[in-house]
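1. Here is my input, please return the structure:
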Amino acid sequence: MMNEKPSASLPAFAKCKCPRCRQGDMFVNKNPYQLKETMKMNETCPVCGQPFNLEVGFYYGSSYISYAFTVALSVATFVAWWVLIGFSLADGDHRLFYWIGINAVVLIVLQPYLMRLARRGWLSFFARYDKDWRLHPAERPERLNSAQEENW
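-> Numbering: from 1, shown residues only. Here you go, the predicted structure:
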């Protein structure tokens, strides 16, 4: 059984826990680097019953969050590179191009995890944390059409 005390918001976000109870796993496999199952999600939270697919095509909106994460990460690596190594095109080192290459590798390696975080972030806009989730049953989505699930 899950522990009674929900984890704090940021650790629950980083571990891709249900936004409603912060205890149940959103994804079937906890390892985002098993690429065949990276985006395979539970239909509902195994703890509180929160549906994870609220409507057909619901997670298209998570691309905005994924984009924000990748831009923030790129800015962070840019600033870190600038402070620690510096940039120069004049001395023949072309350190800017080294940063571009390293940043691209970092983004590619982190992409499976960032996509999961983006889905978790998108869902948390629509399914808020409820400390009394045991007393309030999860709302079932109205706009879900299972016949149209794979038509996109």
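2. Identify the residues contacting Val47.
-> By Cβ atoms under 8 Å, 6 or more residues apart in numbering, the contact set of Val47 is Met2, Cys18, Cys21, Gln23, Gly24. C-betas here are computed from N, CA, C, even on glycine.
3. Sorry, wrong one. I was asking about Tyr113.
-> The neighbours of Tyr113, taking Cβ under 8 Å, 6+ apart as the test, are Pro32, Tyr33.
4. Need the phi and psi values for Val83.
-> Its backbone dihedrals place Val83 at phi -70, psi -40, with angles given as degrees, to the nearest 10.
5. one step back: can you tell me which of the contacts of Val47 are buried?
-> When burial is judged by neighbour count using 16 or more other Cβ atoms under 10 Å, the buried members of these are Cys18, Cys21, Gln23, Gly24.
6. secondary structure class for the third one?
-> Per DSSP: H, G, I helix; E, B strand; the rest coil, the secondary structure class of Gln23 is coil.
7. I'd guessed it sits against Pro11; true?
-> No - applying Cβ atoms under 8 Å, one finds Gln23 not in contact with Pro11, separated by 11.5 Å.
8. Arg140 belongs to a strand, doesn't it?
-> No - read with three-state DSSP, Arg140 is coil and lies in no strand.
9. hang on, the earlier thing: which one of the contacts of Val47 is nearest Val56?
-> Nearest to Val56 among the contacts of Val47 is Cys18, at 20.7 Å by Cβ to Cβ.
10. so what pLDDT did the closest one get?
-> According to the model's per-residue confidence, Cys18 sits at a pLDDT of 91.
11. how much space between it and Val83?
-> With the distance defined as Cβ to Cβ, to the nearest Å, Cys18 ends up 38 Å from Val83.
12. which residues does Pro137 contact?
-> Taking Cβ under 8 Å, 6+ apart as the definition of contact, the neighbours of Pro137 are Gly49.
13. swap the cut-off to 10 Å and go again
-> Cys48, Gly49, Gln50 (Cβ atoms under 10 Å, 6 or more residues apart in numbering).
14. likewise Arg128?
-> Counting by Cβ under 10 Å, 6+ apart, Arg128 touches Pro19, Arg20.
15. doesn't Pro11 make contact with Lys17?
-> Yes - using Cβ atoms under 10 Å, Lys17 and Pro11 qualify as a contacting pair, with a distance of 8.2 Å.
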